[in-house]
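[1] Would you be able to build a 3D model of this:
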Amino acid sequence: LIDRLLENSFSLDEEDFLILEEEDFDDELEITKSSSSTPSDEKIEIMEATILEAVLVEDDQTPDTPSMKVREPTSKKSEPMIEIKIHAGKPRKAVVLGIILLGAVVAGGGYWWTWVQDQQSFTTEPSRYGDTMSFTMTDGQISATGDEMVDLLRDNTGDALEKACGDLEVAMSGTGAMSFRNAPSSEITNPIDQIYSGSAESIDGYGRIHLTAERSLSYDLNVDLSGRTWTTDGSKCSNSLQWEMNSNSVTIETISWEELTEESTIQSVSSLDFRTPDNDQTRVDAVSFGGTGVSAIDGILPFLLQPAIPMDLFDSFGTTLIESGVTGEVNGWNYEIKDSLRVDGQLVIPIDLEQPSINACLGHARMSLQIVEGNPWPVEQHVDILINKDRKSNDCGAIESAALELTVPEGQLIIAYKLSSTSFTQGERPIDWGILYSSRPGPGEDIPSSQSQWTNHISDESIIREFTIEEAVECLMNSSSPSGVRSAINNDGYLWKVNHRQENGEIWNLSWVDPQDDAGWTEVKGTSEESCELISDGTISPSDSPGYNLNAIPETLSLSTLETRMLEMDGSDEPGSILGLGQGLNSDVTVGAILLATTSSDLLDILTSQQNIDQGEVGFTASRSWSEGSAEHNYDLAIDAERGRIIGWIHTTVA
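    Numbers count the residues shown, from 1 in each chain. The predicted structure is shown next:
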């Protein structure tokens, strides 16, 4: 999203026990104790029978299927605040015909024992502080067809895919690891909250401190690339020229902080290091805070861009009893639990999932899991996703169709991979999901409230710029030279995109649109509302017009407020230290704002009122490019201009 904003702006995520009935547990214990004076010896005899008689006993009669369920005490998370997240109800009582089962083991031998063990059922467990899993990735594939789909991947990987256009094939394999950190209580500032040992403090996009579960995800991958490339003069994507680059190494490191109360990611820090066999390096460091801030994009963006992440089973299934034949819905996915089976001597339960909205509107999205008791992540996870708007079927509803039309690029994207666990270490205690800790920020706390409604352009009010946007527009309105800005504003138009840069003086690039959907730009250089110079003025083609929708303009903060918010974050590699200089900005920094609006329609009104999809969102952007030795740097930032929430930043280094 940051790159898409910038592209428009700058011209360029104990043991088990059996019971007869829940209230009769004590009685069962008494029967068990009296059944043998040497219970440990009896247990040994049964296990020996399992080994010997499993191959000797034959039974012509198919026995009634016993049902054995394992009930475990589990920590419960509060219901998530996302509407589509649907958990099943509390576990049903485990019911076991204990006496019949005991008789069957004695009379029927090991066959019965093994059969019953293979029908285990259980509920998933929440992750624990200290949980760690290592895994392999095999059969990894990303296939993108079409300029927009390839652009989506290229723009999110720095210069690693700069040669790609039109079609792109990525084959990948390697290893990965995932874990939840077990942080010491001494790191928690509020003494009252130190009872939540294991949790870690982190800030959100407003700079507020929360208690979180800190999750790490890493990959070491071997990647082969191929596809179409540009013509020799670089002017367009060639239909015949191909390129390939094999045996590249990719290292991905991501740390995310998931807020305990709402169970949502409030911050993530990621790095991608791409190296060719010739040791050319591209490194991308990214920081993001929650979603993009553009509501219509947030729903689909993680689905398209997030790396392959092992599914959090408790987050998805909650306290649903995992047993054969159960079907339901989790996080918008329909699932069916299959019969248990043994893989390499381990009892696993397969689960198949499909995403019905994707299947109806975009192609297909399927997952196959293999899960085991006690592991919060699948031991095996197959993913098969195909995204293509041209595959929309008649089952795709009007609302879903319109929402996806706004957010999904043209072209086709295929994502497939298999993750297989190689080791798992269980942590100390369950993560404190759903708790309301004492230091949690209140609603609206530390969130700017100085928004204002505008009709012609976003307000500036800057004290670090000599030539503000108000002065630039006023000068153009009073100028003897005609301009598109003056014509549009006089005709009830507005500025949907503004950019400021320094180039032998201060220059504003002002993009306008009028009620007839005519659009264009005006560049003006000056020092005040009385002194300015028209540099360039022009129109854009109707197909490139953003469309006119005055009702889409929300209340926003001023550019001055947003710049102050940006410069306050002045830690290492944070915006203030990279973009700021003294009390102002570096001379090579470009700042601006863009209105992402959709054109008016009856369908859009339905989306707005029923699905909470905003017609317009305004983003603030800042960018800087510089050289340092042999390395080239690009730094891009985005802020939600309506609320002042930092969306994130990306720092790309090419050496």
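
[2] phi, psi of residue 519?
    Main-chain torsions, residue 519, degrees, to the nearest 10: phi -140, psi 160.

[3] And the protein, split by domain according to the record?
    The record assigns the chain these domain ranges, following automatic domain parsing: 22-123, 448-654.

[4] Whichever helix or strand residue 168 is part of packs against which elements?
    Element membership for residue 168, per DSSP states H and E: strand 167-180. Using 3 or more C-beta pairs under 8 Å, 6 or more residues apart in numbering; DSSP states H and E, the elements in contact with strand 167-180 are strand 132-145, helix 147-154, strand 209-230, strand 412-425. Where you see a C-beta, it was placed from the backbone N, CA and C, and this is true even at glycine.

[5] Tell me what angle that strand forms with strand 132-145.
    Here the directions of strand 167-180 and strand 132-145 differ by 160 degrees (axes from the mean of the first three to the mean of the last three C-alpha atoms, to 10 degrees).

[6] Just the CA atoms of the helix or strand just after strand 167-180, as CSV, please.
    Going down the chain from strand 167-180, the next helix or strand is strand 200-203, by DSSP H and E. What follows is strand 200-203, C-alpha atoms only, in CSV (Å, rounded to 0.1, in the frame of the first residue of the first chain):
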residue,chain,number,x,y,z
ALA,A,200,6.0,-8.0,26.0
GLU,A,201,5.3,-4.3,25.7
SER,A,202,4.9,-2.7,22.2
ILE,A,203,3.6,0.5,20.7
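
[7] Let me know the average pLDDT across strand 200-203.
    In this model, strand 200-203 has an average pLDDT of 97.

[8] swap in stretch 585-597?
    Per-residue scores along stretch 585-597 average to 90.

[9] how about it: buried residues?
    585, 589-597 (16 or more other C-beta atoms under 10 Å).

[10] Let's have those in a markdown table, adding secondary structure and distance to residue 391.
    Putting those into a markdown table (DSSP: H, G, I helix; E, B strand; the rest coil; distance: C-beta to C-beta, whole Å) gives the following:
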| residue | secondary structure | distance to residue 391 |
| --- | --- | --- |
| 585 | strand | 46 |
| 589 | strand | 43 |
| 590 | strand | 39 |
| 591 | strand | 40 |
| 592 | strand | 37 |
| 593 | strand | 36 |
| 594 | strand | 31 |
| 595 | strand | 31 |
| 596 | strand | 26 |
| 597 | strand | 28 |
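
[11] Name the pair among those residues with the greatest separation in space.
    Greatest spatial distance in the buried residues of stretch 585-597: 585 and 597, 27.3 Å, computed using C-beta to C-beta.

[12] What segments of the stretch 501-650 of the chain are helices?
    Secondary structure of the stretch 501-650 of the chain (DSSP state H, counting those that start in this stretch): helices at 559-568, 575-579, 602-611.

[13] which other helices and strands contact the helix or strand hosting residue 498?
    Using DSSP H and E, residue 498 falls within strand 494-502. Using 3+ C-beta pairs under 8 Å, 6+ apart as the contact test, the elements touching strand 494-502 are helix 2-9, helix 469-478, helix 484-490, strand 506-513, strand 589-597.

[14] list the helices and strands the third one packs on?
    So that's helix 484-490. So helix 484-490, by 3+ C-beta pairs under 8 Å, 6+ apart, packs with helix 469-478, strand 494-502, strand 506-513, strand 519-528, strand 531-539.

[15] tell me the pLDDT at residue 272?
    Value for residue 272, per-residue pLDDT: 86.

[16] now do residue 611
    42.

[17] remind me which residues of the chain are low pLDDT?
    Counting by pLDDT under 70, the chain contains low-confidence ranges at 1-121, 156-159, 291-307, 403-407, 597-615.

[18] run the last query once more with 50
    Scanning the chain for pLDDT under 50 picks out 1-7, 9-119, 292-307, 600-613.

[19] mind listing what the residue nearest to residue 188 when sequence neighbours are not counted touches?
    Counting by C-beta to C-beta, 6 or more residues apart in numbering, residue 194 is the residue found nearest to residue 188 once chain neighbours are left out, at 4.8 Å. Residue 194 sits next to 185-186, 188 when contact means C-beta atoms under 8 Å, 6 or more residues apart in numbering.

[20] top of these by neighbour count?
    residue 188 (22 neighbours; other C-beta atoms under 10 Å).

[21] Any chance of a markdown table for the buried residues of stretch 585-597, columns distance to residue 627?
    Output for these, formatted as a markdown table (distance: C-beta to C-beta, whole Å):
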| residue | distance to residue 627 |
| --- | --- |
| 585 | 18 |
| 589 | 15 |
| 590 | 17 |
| 591 | 21 |
| 592 | 23 |
| 593 | 28 |
| 594 | 27 |
| 595 | 33 |
| 596 | 32 |
| 597 | 36 |
